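**Q** Predicted structure and sequence below. I'll ask about it afterward.
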Amino acid sequence: MSRTERLFIAGILVFVAMLNVADIYTDYNEGVAPWHIFLEGTIATSALLGAFYLIRNTFQLKKSLADEKSVNHELNLEAQKWKNVSDTYVKGLSVEIENQLDRWEFTTAEKEIAFLLLKGHSIKEIASLRNTSTKTVRTQTNAIYSKSGLHGRSALSAFFLEDLLMPQAEHEDRKA
């Protein structure tokens with residue numbers, strides 16, 4: 001239910017309560033039975049409570065939305081900060097990976113395939129991305145593994161990523 005709908009319904013409930021109060025006043029002056037006045041008073045009170053609940057809920061939702069927007073803004077700032085900080089490292093890592101591929105004397109096609117393997121693409125996906133056959137990609141991956149001296153995709157990934165993904169304490173132990 002939208003804010004406008006909640007406020008509209010609350011307004012109707014307040015109007016109903018006001019009509020009931022006017023009716024109670026008239027009934028009281030005319031000497032109507034107390035149980036009837038009590039019943040109409042209960043209706044008026046219920047309508048006012050309903051209006052109060054809807055209005056309070058509207059303000060709570062508004063505050064909650066403002067809080068969520070604030071948290072979202074903070075998370076976006078944090079994500080942007082992380083991206084800015086990590087960008088330098090990611091670019092440097094990419095350059096270093098390419099330098100290692102050059103040391104292994106990979107062809108341009110083998111470099112492209114090696115990067116796609118490191119990104120987690122399957123042989124079939126690589127063939128599709130490069131518009132070639134899976135047999136050609138398999139032949140090139142075998143050349144990659146042969147030239148690098150590594151024994152498969154896991155070893156290739158581990159070669160470049162193992163030290164990046166270790167726990168901080170273990171990383172500091174290796175430095176020492």
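**A** Thanks, I have it.
**Q** Dihedrals phi and psi, Thr107?
**A** phi -70, psi 170 (degrees, to the nearest 10).
**Q** do you know how far it is from Gln140?
**A** Per CB to CB, to the nearest Å, Thr107 is found 8 Å from Gln140. (Glycine included, C-beta is placed from N, CA and C.)
**Q** Of these two, give the one with the bigger neighbour count.
**A** With neighbours defined as other CB atoms under 10 Å, Thr107 and Gln140 compare such that Gln140 has more, 23 against 13.
**Q** and the more buried one, what pLDDT?
**A** pLDDT, Gln140: 96.
**Q** buried set for the particular helix or strand that has it in it?
**A** Element membership of Gln140, judged by DSSP states H and E, is helix 134-148. Buried residues in helix 134-148, counted by 16 or more other CB atoms under 10 Å: Val137, Gln140, Thr141, Ile144, Tyr145, Lys147, Ser148.
**Q** swap in stretch 120-129?
**A** Neighbour-count burial for stretch 120-129 flags His121, Ile123, Ile126, Ala127 (criterion: 16+ other CB under 10 Å).
**Q** out of those residues, who's nearest Glu5?
**A** Nearest to Glu5 among the buried residues of stretch 120-129, counting by CB to CB, is His121 at 49.3 Å.
**Q** Could you pull up phi and psi at the closest one?
**A** Dihedral angles of His121 (phi, psi; degrees, to the nearest 10) stand at phi -70, psi 150.
**Q** if I pick Leu118, what's in contact with it?
**A** Shown in contact with Leu118 (CB atoms under 8 Å, 6 or more residues apart in numbering): Ile97, Leu156, Ser157, Phe160, Leu161.
**Q** Dump the residues you listed to a markdown table, plus neighbour count, pLDDT and distance to Thr45.
**A** A markdown table is the format used below for the contacts of Leu118 (neighbours: other CB atoms under 10 Å; pLDDT from 0 to 100; distance: CB to CB, whole Å):
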| residue | neighbour count | pLDDT | distance to Thr45 |
| --- | --- | --- | --- |
| Ile97 | 17 | 90 | 73 |
| Leu156 | 18 | 93 | 74 |
| Ser157 | 16 | 91 | 69 |
| Phe160 | 15 | 86 | 71 |
| Leu161 | 13 | 83 | 67 |
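**Q** Tell me the one of these nearest Lys63?
**A** Using CB to CB, those come closest to Lys63 at Leu161, 44.5 Å.
**Q** Thanks a lot, see you next time.
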